[in-house]
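Enquirer: Fold the following and give me the result.
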Amino acid sequence: MHTTLLKVAGLLALASSTSAYSAKKRSFAVNHFYGKGPLVEGRMDPIVNPGVASGHVHTVQGGNAFALTMSNDQALTKSTCTSSRVKNDLSNYWVPKLYFKAEDGTLKDVEMFYMNVYYFFEATTDKIEAFPPGLRMLVGDSALRTPPATGGRAILDLDDGIPQPVQWTCPRSNEGSPLYPADSDGLHGVGLQDPNNKGAGVGFPDKYCDGYASPLRADIHFPSCYDPSQGVEAYKTNMQFPTKGNCPKGWIHVPHLFYELYWNTPKFSDQWTQGQGKQPFILANGDPTGYSLHADFLNGWDAETLQQIIDNCDAGSSGMDKCPNLIGGLNDDSTSCNIESAIAETITGVMKALPGNNPIGQWGVNAPTSPAPVPGPVAPAPGPVVPAPGPVEPAPGPVQPAPAPLPSSPGSINVPLPNDPITSNVAAAPVPTAAPNTMATSYISSTTVIWTTVTESGSAATPTSPSSGTTDISGWSYHGCFADKKDNESNRVLSGIKFANIGIKQVTTTKCIAYCEAKGFSLAGTEYGGQCFCGNELVGSSAVDEATCSMACEGDAKETCGGSLALSVYSKTPKRLMGRHMHKHLHRVSR
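Expert: I've put the predicted structure just below:
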């Protein structure tokens, strides 16, 4: 008996030592989606309004078994494809759709730009377990039209006060003015500022969200403590937020889900005036305030796969597709998984009223609780749509992690930041290192560019430009592939201009160089295939293997625009090479 207990204790200790999460730091992995748009949009909600048209339109991701009515095991057994990159995630994730109200009173749908779901494994002494099969969760209140008593900040632990799990984030190209009016009471046309994060708050802001590849974003956190005595269907009572990181005795600690969903609001920026104490966007449930932001989740994970991710994966923003030994593998992102809405009605284009005839509410006046859904014609069941056999145009959002966040001020609770939720207690994503047997050092200032790459034989290596047409700007030359940082917004290695606003999916090396030169900078760098940075010096960086910078530019696939946390760097200043002539050049992966 004693020997058996020792063996069990040893196994538990081993499991604890090899786990990706711990009592001291958060780990996480982002679940990315792929394909042509979301899985479906329509008045469907099998959790709140099973079997009938729901009260408002939702944007849905996940498995194609999604339907008006879903049994507890339907997501696990009926889906033939999923819009999740991870094959064994057949869960469904949904939020209310967004609309734009024009000055003439007509309504236009706002397209989803892209969606990510973060799986956070918070610092805890609990064991974090996979969701029980068929777990249903709902967070947020669709009736709210008034701000929370806690103000604009997010609260995700009961020890900090009443939970406040939803916010809006608004990355901007010009952050010189407040996101919300300083005198806003949250009741008269605009929401409230988060005092700990200048880029976020509750309720809609009255500013243009025109950050590169990061327009208006819905931020939604789910609780991570499940009460098994309530059961998986009791979505109103079966979940709560932790207290000091832990769940009550007898409860199950599950992953902390965080939805970030970007809407293509820049499309309407020329149709309204910012900074006037009001804004034109409306949620599908008739909410002009944004306070009723909410979301649903229905678990369809293969439990073994999710538990393996929890225990072993800290891939961060790189995504679950980078998790080691991922069970089941990944979907082909050149295909698409989509279904038709079960409710046959118009939900896009120009409309005189919201689908379901939802009236547009007022600031400061909460809507009736749980209004009866308006009936809608049920379309014939088309059956699940399997992945298309040929390439399908990808969704308008990048699969790679989008740009880094607006910073949150010190002293705030541990809340994910826009697009890169890494905080001080999270291990930063690994920075690419130089190729084996190569010592690479560099220093670049506004007046002098020095490049030194010394191979084992002591010869200097000159990096070569990856493709023709990328150095058309007179006086600029390629200087190589450099490691970038992403532990916070202010610590990028090229920080003169971060995420230059060249245009969504328009970035090329040529355009980035031209942009930086026009702004008076001597260095230009591209990254992740669609990001442009400018500056006059590289801060704390080093040269890495040229193969690390191998992503095709989103604006021209013939050009190369860096890689994952790796910048293709160009300089306006002629370079000086130090060291003896090399015996061979380092070459980039051609595109």
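
Enquirer: Pairing partners for the residue minimising distance to the centre of the chain in the sheet, please.
Expert: With distances taken as C-alpha atoms, centre = their mean, the chain has Asn116 as the residue nearest its mean C-alpha position (4.0 Å). Beta-bridge partners recorded for Asn116 (DSSP bridges): His32, Glu260.

Enquirer: Hmm, it is touching Val30, no?
Expert: Yes. If you go by C-beta atoms under 8 Å, Asn116 and Val30 touch, sitting 5.2 Å apart. (Each C-beta comes from the backbone N, C-alpha and C, glycine too.)

Enquirer: Overlap in contacts, those two.
Expert: By C-beta atoms under 8 Å, 6 or more residues apart in numbering, Asn116 and Val30 have no common neighbours.

Enquirer: which residues touch Pro242?
Expert: Pro242 neighbours (C-beta under 8 Å, 6+ apart): Glu122, Thr124, Asp157, Leu158, Pro223, Ser224, Cys225, His253.

Enquirer: scratch that, Lys278
Expert: Residues near Lys278 by C-beta under 8 Å, 6+ apart: Gly189, Val190, Asp206.

Enquirer: Switch those residues over to a markdown table; also include secondary structure.
Expert: Formatted as a markdown table, these follow (DSSP: H, G, I helix; E, B strand; the rest coil):
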| residue | secondary structure |
| --- | --- |
| Gly189 | coil |
| Val190 | coil |
| Asp206 | coil |
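
Enquirer: What about those, which one has the most neighbours?
Expert: The most crowded member of those, judged by other C-beta atoms under 10 Å, is Val190 (26 neighbours).

Enquirer: For it, give me its contacts.
Expert: Shown in contact with Val190 (C-beta under 8 Å, 6+ apart): Tyr180, Pro181, Ser184, Gly203, Phe204, Pro205, Asp206, Gly277, Lys278, Gln279.

Enquirer: Is there a quick ChimeraX command that grabs whichever of those residues are buried?
Expert: Per 16 or more other C-beta atoms under 10 Å, the buried members of those correspond to this ChimeraX selection:
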select :180,181,184,203,204,205,206,279
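
Enquirer: wait, which of the contacts of Val190 is closest to Ala500?
Expert: Minimum separation from Ala500 among these (C-beta to C-beta) is found for Pro205, which lies at 22.7 Å.

Enquirer: Surely that closest one touches Tyr180?
Expert: Yes. Using C-beta under 8 Å, Pro205 is in contact with Tyr180, at 5.5 Å.

Enquirer: Common neighbours of those two, please.
Expert: By C-beta under 8 Å, 6+ apart, Pro205 and Tyr180 have these common neighbours: Val190, Gly191.

Enquirer: before we move on, the earlier item: and the residue nearest to the centre of the chain, how far from Ala130?
Expert: The gap separating Asn116 from Ala130 is 20 Å, by C-beta to C-beta, to the nearest Å.

Enquirer: related to what we said a few turns ago, I'd like to know which of the contacts of Val190 is nearest to Lys519.
Expert: Ranked by distance to Lys519 (C-beta to C-beta), these are led by Pro205 at 26.4 Å.

Enquirer: And what about Ala29, helix, strand or coil?
Expert: Going by three-state DSSP: Ala29 is strand.

Enquirer: State the pLDDT value of it.
Expert: pLDDT recorded at Ala29 is 95.

Enquirer: residue contacts, it?
Expert: Shown in contact with Ala29 (C-beta under 8 Å, 6+ apart): Tyr118, Tyr119, Ile309, Cys313, Asp314, Ala315, Gly316, Gly319, Met320, Lys322, Cys323.

Enquirer: Backbone torsions only: list them for the last one.
Expert: Main-chain torsions, Cys323, degrees, to the nearest 10: phi -70, psi 140.

Enquirer: burial measure for it, as a count.
Expert: 20.

Enquirer: Next one: it relative to Asp302, how far apart?
Expert: For Cys323 relative to Asp302 (C-beta to C-beta), the value is 14 Å.

Enquirer: now do the fourth one
Expert: Remark: distance between Cys313 and Asp302 (C-beta to C-beta) = 15 Å.

Enquirer: One more: Thr146?
Expert: In terms of C-beta to C-beta, Thr146 sits 41 Å off from Asp302.

Enquirer: With Val539 instead?
Expert: 44 Å.

Enquirer: Among these two, which residue is more densely surrounded?
Expert: Asp302 (18 against 12).

Enquirer: Now do the same for the nearest residue to the more buried one once chain neighbours are set aside: its pLDDT.
Expert: Closest residue to Asp302 apart from its sequence neighbours, by C-beta to C-beta, 6 or more residues apart in numbering: Asn88 at 3.9 Å. Note for Asn88: predicted pLDDT of 96.

Enquirer: now the helices for this structure?
Expert: Secondary structure of the chain (DSSP state H): helices located at 2-18, 74-77, 303-312, 509-518.

Enquirer: what's the span of stretch 492-509, first residue to last?
Expert: End-to-end span of stretch 492-509 (C-alpha to C-alpha, to the nearest Å): 18 Å.

Enquirer: what about the stretch 301-450 of the chain, any weak spots by pLDDT?
Expert: The model of the stretch 301-450 of the chain has pLDDT under 70 over residues 369-450.
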